[in-house]
Structure formats: C-alpha cells, structure tokens
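Student: Kindly return the folded structure for what I paste below:
(one chain, ligands or ions: 2)
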Amino acid sequence: MKIIAAEVIVSSPSRNFVTLKISTDEGLTGLGDATLNGRELAVASYLGDHLCQLLIGRDPHRIEDTWQFLYRSSYWRRGPVTMAAIAAVDMALWDIKGKAAGLPVYQLLGGASRTGLRTYGHASGRDLPELFDSVRENLAEGHTSVRIQTAVPGLKAIYGIAAQEQSSGERYDYEPAGRGAHPVEEDWDTRAYLNHLPSVFEAVRNEFGPDLPLLHDGHHRMTPIQAAKLGKSLEPYDLFWLEDCTPAENQEALRLVRQHTTTPLAIGEVFNTVWDFQTLIREQLIDYVRAASTHFGGISPLKKVMDYAAQYQIKSGFHGPTDISPVGFAAQCHVGLAIHNYGIQEYMLHSAQTNEVFQQSLSFSGGLIRLDPSAPGLGISLDEDAAARYPYQQAYLPYNRLADGTVHDW
Ligand SMILES: O=NC(=O)[C@@H](O)[C@H](O)[C@H](O)CO
Ligand SMILES: [Co+2]
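Tutor: Ligands and ions are numbered 1, 2, ... in the order given. Predicted coordinates:
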C-alpha cells in the first residue's frame, strides 16, 4: 500500500481545529488531529509546507519508521508545533492500519483492558451556589468524578471560570480561545487563591460527601513551595489529584512538592515528548500522566510513555479539552482502553457544530466512554463539506498579569 495524498483541513466549528487526512492507493484514508490552541496555523504550515510531501509514496503500515523519520530528519526536535504535526501523521497511520485490518486501533494495541473509560467533567462557578449546580450537572451528565474550579475573591476573570461577561451559570465547558488578533489579559493573585481554595473544597465536601472524586487544576500558576502549601491544605478534602500545581519545565521542582503533601499530582498536558516526563516518572514525582495524543506526537509515543509509567505505578489522566478535536480525543481513548495503567479521562463534550464536522462512534453511558468494537481504525469520520462551512478565525488563549503588571502563567 502507498500514500498518495496528505491534506490539511483547517475548520472552525465553534473553535479552530487542524485535521490531517492521508489517502492511500487502496482507497483507505486516515485522520489525524494537529490542533494547537492559539497556534493552529503554525502546525498547519508545518504539515502542509514541510511534512505532507515527505509522506507521498511511503508505505502507511510503517508507522514507527515514519515517526522516527519525521522526528529525526528535521534535525530540530521537540516542541508543541513539531509534535502536533507528527502526532497527526501517527494517528492517521494508525487509523489506516486499523481500517486495513478491519479492527479498532485499541485491538492493535493489545485489546481492551476494561469495559470503558471512567471520566471526569469540569464543574465551575463564580460562587458556591453556581459551583454546586455545576457539580450536579456533571453528575447528571454521567461523570463519576468532577473537577472543581471557582473564582477567587478580588479577581475579575481567571482560568477555569466562564468569562464573567457571559450569562451567570455559564459553565466552563468550552475551552477559551478568544477570537481576535490579540490574547485577552486576565488577572491573578496566588495568595488570594491559596487563602480561598481550602474553604471551597470544605464546602464541596460538606455538600457532596466524602466519596465523590474531586480534582483541581492549578494550571501552572504556583511556585513549588506554594504548590506544596496548597497540596497540604487540601489533604483533608482527599482530592483525586491536583493538576499542574507548578510549571514542570523544571521537573525537579516536584521533589519539594512531594516532600510536603500526599495529595496525588497530575502533570503533562503541555508536554510533548517522553523526555519531559523522564525525571517525574523515574522519581515517582507524579501519580498521573496528563499528556494528550495530539500534543505528544500521537498514539505511538503515548503508549510508550504509559508503558514506562507502568513500571512506577503511575496511571493515565490524558488531557481531554474541547481544543483537542474528536479525532485526537478518540486516538487517546484507544490507548486508554488498551493500557493496564489507566487512571481517568478528562471529557469535555464538544459542541453540536463540532459534531457536525466530526462524526464519532464512541459513546458515553453509565459513567464510561465506550469505543465501538465494530468501528475500524479510530472510528471517526470528517464531513469535509461541513468543515468548509466553518473557515478559520484567529483566536488566542488568555494570559495573566499580576497586580503589579508582571506577566504570569494563566
Ligand atoms: O486541564 N485542562 C486544561 O488545563 C485546559 O483547560 C487547557 O487550559 C486548554 O486545553 C488550553 O488550550
Ligand atoms: Co489542565
């Protein structure tokens, strides 16, 4: 079999998505997700102007060789743009291999290790009543675990809370990317956040009891000692995990956090290669791997990092925001179903418009994502006419500044 075409499809139903479509001389096609929120066109160009031409004539069955060729032949390595582009190729080739074999991709990765994938949803609220309603909505939707994000007194707009100007009760169930030519500035105050959050979790535990698994996303905004303080102060509320508690470019920073708290830690949604996890896994500084297939080079490296993590009893907690397309989401669900060390899957439901462009065969019932055993490959199709109805619109993620004007992680 030979690759005869590789096309990049940029579409913006509700938000921007970049999809790679690879076609073969035997009539099979494969899809890959190359979406990088806020930098989509950089990845579209990396694919369209550099990688697609290298694929023509290659045997699509040679996934590992293609991955290694694309990774090493560029000379320049790693980074979110490069790895999202390679991820899309990897996913599309697994899609083709599954279709050629008449099997879902998880069957090629060792078969199902469980019935389905337990999920967590995003509960958010500017105040406790809004937050409690949002928790109830998530439970009604079928999630058996819930992420808790709230506003912080004195701050106007922060990560994880629907933009203030939106109608009250608006849920944070759609990842921001403010449309326009410049990112929106939001405000931040770590001290106010650290002083406020424990009371929120105490209220949530009082309202929903001790058993509901609760997660929280620190979103890279704390120093290691601040993250240690928060992890320790949340111990009475028995979190399932505290996510991105501190920027982990310096993986050793987690040693300090680990010394002070038993709150489980999840990191890695902004990572793009296994080396970003090497110290974190080897020193067991985290409990969950937050990588996502789309930002991590695809299905192949995601399976590799999880097999490495398994040696340290570290589980998966793959990133599942709405700025990963249904193709990328399905790809990591296939990995999640096959690996033994599965933890949980972040699951933000895509909009009706997005589901108009991408037809999915996975389902969500009884608190579990289930993959269709009769759907070969990734089990996703893309309606190119629908995609063409939603042209790209430039959009950026927000960023933070502190009260004194210093730029800060958002
Ligand atoms: O855990 N989920 C997250 O941190 C997401 O909400 C990220 O901010 C977005 O995917 C960035 O585009
Ligand atoms: Co996160």
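
Student: drop to CA atoms for contacts and neighbour counts, all remaining ones
Tutor: Fine.

Student: near ligand 1, which residues of the stretch 51-200 of the chain?
Tutor: Contacts of the stretch 51-200 of the chain with ligand 1, taken as C-alpha under 6 Å from any ligand atom, map to residue 175.

Student: If you could redo that for the stretch 251-400 of the chain, that was the one I meant.
Tutor: Looking at ligand 1, the residues of the stretch 251-400 of the chain close enough under C-alpha under 6 Å from any ligand atom are 321, 323.

Student: now the strands for the stretch 251-400 of the chain?
Tutor: With strands called from DSSP state E, counting those that start in this stretch, the stretch 251-400 of the chain shows them at 265-267, 288-289, 315-316, 345-346, 358-360, 363-365, 368-370, 380-382, 395-396, 399-402.

Student: following the longest one, which helix or strand comes up?
Tutor: Once the chain leaves strand 399-402, the next helix or strand it forms, by DSSP states H and E, is strand 407-408.

Student: Helices of the protein, start to end?
Tutor: Ranges of helices in the chain, per DSSP state H, are 40-45, 52-55, 63-73, 80-101, 105-108, 128-141, 190-208, 224-233, 253-260, 278-282, 299-310, 326-338, 352-357, 384-388.

Student: Can you report phi and psi for whichever residue of the stretch 201-350 of the chain sits closest to ligand 1?
Tutor: At 4.9 Å from ligand 1, residue 321 is the closest residue in the stretch 201-350 of the chain, using C-alpha to the nearest ligand atom. Dihedral angles of residue 321 (phi, psi; degrees, to the nearest 10) stand at phi -80, psi 170.

Student: give me every residue that touches it.
Tutor: If a contact means C-alpha atoms under 8 Å, 6 or more residues apart in numbering, then residue 321 has 174, 175, 346, 347, 348 as its contacts.

Student: Just give me the least confident of the residues you listed.
Tutor: Comparing pLDDT over these, the lowest score belongs to residue 174 (65).

Student: which regions of the protein lie under the pLDDT threshold?
Tutor: Applying pLDDT under 70 to the chain flags residues 163-174.

Student: Could you measure from the residue of the stretch 201-350 of the chain closest to ligand 1 over to residue 55?
Tutor: According to C-alpha to C-alpha, to the nearest Å, residue 321 and residue 55 sit 29 Å apart.

Student: again, but for residue 22
Tutor: Separation of residue 22 from residue 55 (C-alpha to C-alpha): 9 Å.

Student: hang on, the earlier thing: just put the contacts of residue 321 in CSV and tack on distance to residue 129 and neighbour count.
Tutor: Below are the contacts of residue 321 laid out as CSV (distance: C-alpha to C-alpha, whole Å; neighbours: other C-alpha atoms under 10 Å):
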residue, distance to residue 129, neighbour count
174, 20, 18
175, 22, 19
346, 23, 22
347, 23, 21
348, 21, 21
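
Student: So residue 58 sits against residue 6, correct?
Tutor: No. Using C-alpha atoms under 8 Å, residue 58 is not in contact with residue 6; the gap is 11.2 Å.

Student: ok, the two, which is more surrounded?
Tutor: Using other C-alpha atoms under 10 Å as the criterion, residue 58 and residue 6 rank with residue 6 on top: 24 against 14.

Student: what's across from the closest residue to that one other than its chain neighbours in the sheet?
Tutor: Closest residue to residue 6 apart from its sequence neighbours, by C-alpha to C-alpha, 6 or more residues apart in numbering: residue 22 at 4.4 Å. Beta-bridge partners recorded for residue 22 (DSSP bridges): residue 6, residue 30.

Student: One more: residue 345?
Tutor: Judged by DSSP bridges, the bridge partners of residue 345 are residue 119.

Student: Okay, it and residue 225: tell me how far apart.
Tutor: 28 Å.

Student: So for those two, which sits in the more crowded spot?
Tutor: Neighbour totals were compared for residue 345 and residue 225, and residue 345 leads with 24 against 15 (other C-alpha under 10 Å).

Student: Do I have it right that that one meets residue 315?
Tutor: No. Using C-alpha under 8 Å as the test, residue 345 is too far from residue 315 to be in contact (10.7 Å).

Student: Next, name the residue at the spatial heart of the protein.
Tutor: A centroid search over the chain (C-alpha atoms, centre = their mean) returns residue 319, at 2.4 Å, as the residue closest to the centre.

Student: and it, how far is that from residue 265?
Tutor: In terms of C-alpha to C-alpha, residue 319 sits 14 Å off from residue 265.

Student: Quick check: residue 346 touching residue 322?
Tutor: No. Using C-alpha under 8 Å, residue 346 makes no contact with residue 322, being 10.0 Å away.

Student: Name all residues that make contact with residue 44.
Tutor: 8, 10, 18, 34, 85.

Student: Now distance to residue 195 too, for those residues, in CSV please.
Tutor: Below are the contacts of residue 44 laid out as CSV (distance: C-alpha to C-alpha, whole Å):
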residue, distance to residue 195
8, 47
10, 43
18, 40
34, 39
85, 41
